[in-house]
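In: this is a predicted model, with the sequence first.
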Amino acid sequence: MNVPVITWMDSNNANEITTPFNFGVIDAGDPSPIYTFNIWNNKGGKTELPKMEDCTITTVDMDGGSGEAPGKEVQLVSGNWFRAQVDSLGETDLGQETSKIGKDFSKPIGTKGKTTKDDTGASYPTPLSPAAKEILGVRNNGLKDDAAGNYVTVSLRAFVPLDARSGQQAFKLRVSYRYV
């Protein structure tokens, strides 16, 4: 059975994110820099794969939990410090409460983009558009302009409160979805 193949890329689609991403040092009371990622399904795929449906993004602790386990507290997750803005949907709410992700919040992700060319560069007879909260898994050439239905663009920023404990916060970004 085929399954979606997820690839995280930098904002320019030049580098794949294959190791834990370092968000750097963020001082309490200050927002982090904005980091933008492209999250692909079947990037440059030569065979069709299932589309991702009901897609959301959030943060979880390293065990996939809410950041509240005794001895494994992760304030970044339990306090909903991160914000996500779905650029591929035209959102502009990165600084607003509607963009919070973490223990109490996940955010739907998707794209208004269309995939227009297959893996050979040939044009599809009709551009392929995903529905809301979907990422296509169709064959594509892996180029942003030609395969915009196969990825979402998300900008992330942390807002660290003044009462945050110092030290490293180990966490994961989780994209949840289903497929048929």
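Out: That came in fine, so what should we check first?

In: hey, let's count contacts and neighbours off CA atoms from now on
Out: OK.

In: in its sheet, what does the helix or strand hosting Ala84 sit against?
Out: Using DSSP states H and E, Ala84 sits in strand 82-86. Strand 82-86 sits in its sheet next to strand 100-101 (antiparallel), strand 151-158 (antiparallel), going by DSSP bridges.

In: now do it: distance to the chain's middle.
Out: Strand 82-86 has its C-alpha centroid displaced from the chain centroid by 9 Å (CA atoms, centre = their mean, to the nearest Å).

In: contacts for that strand, please.
Out: Contacting residues not belonging to strand 82-86 are listed as 57, 59, 76, 91-95, 99-102, 107, 109-110, 152-159 [CA atoms under 8 Å, 6 or more residues apart in numbering].

In: just stretch 109-126 next, same as before
Out: Under the criterion CA under 8 Å, 6+ apart, residues 44-46, 55-57, 86, 88-89, 127-130, 132-135, 138-142, 146-154 lie in contact with stretch 109-126.

In: of those, buried ones?
Out: Using 16 or more other CA atoms under 10 Å as the burial test, those include 44-45, 55-57, 86, 88-89, 128-130, 133-135, 138-142, 146-154 as buried.

In: which helix or strand contains the residue lying closest to Phe105 once chain neighbours are set aside?
Out: In space, and not counting its chain neighbours, Phe105 is closest to Thr58: 6.9 Å by CA to CA, 6 or more residues apart in numbering. Assessed by DSSP H and E, Thr58 sits inside strand 53-61.

In: how about the strands in this structure?
Out: 6-10, 35-41, 53-61, 82-86, 100-101, 107-108, 115-117, 123-128, 151-158, 171-178 (DSSP state E).

In: deepest in the core, which of these is it.
Out: Each of the strands of the chain was scored by mean neighbour count; the highest is strand 100-101, a mean of 27, by mean count of other CA atoms under 10 Å.

In: what mean pLDDT does that strand have?
Out: For strand 100-101, mean pLDDT is 98.

In: likewise for stretch 160-172?
Out: For stretch 160-172, mean pLDDT is 93.

In: now do the buried residues in it.
Out: Neighbour count says stretch 160-172 has 160-161, 170-172 buried, by 16+ other CA under 10 Å.

In: save those residues as CSV, and put in distance to Ile26 too.
Out: Output for these, formatted as CSV (distance: CA to CA, whole Å):
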residue, distance to Ile26
Val160, 7
Pro161, 10
Ala170, 13
Phe171, 15
Lys172, 17
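
In: and the residues you listed, which is closest to Ser32?
Out: Taking CA to CA as the measure, Val160 is the one of these closest to Ser32, at 7.9 Å.
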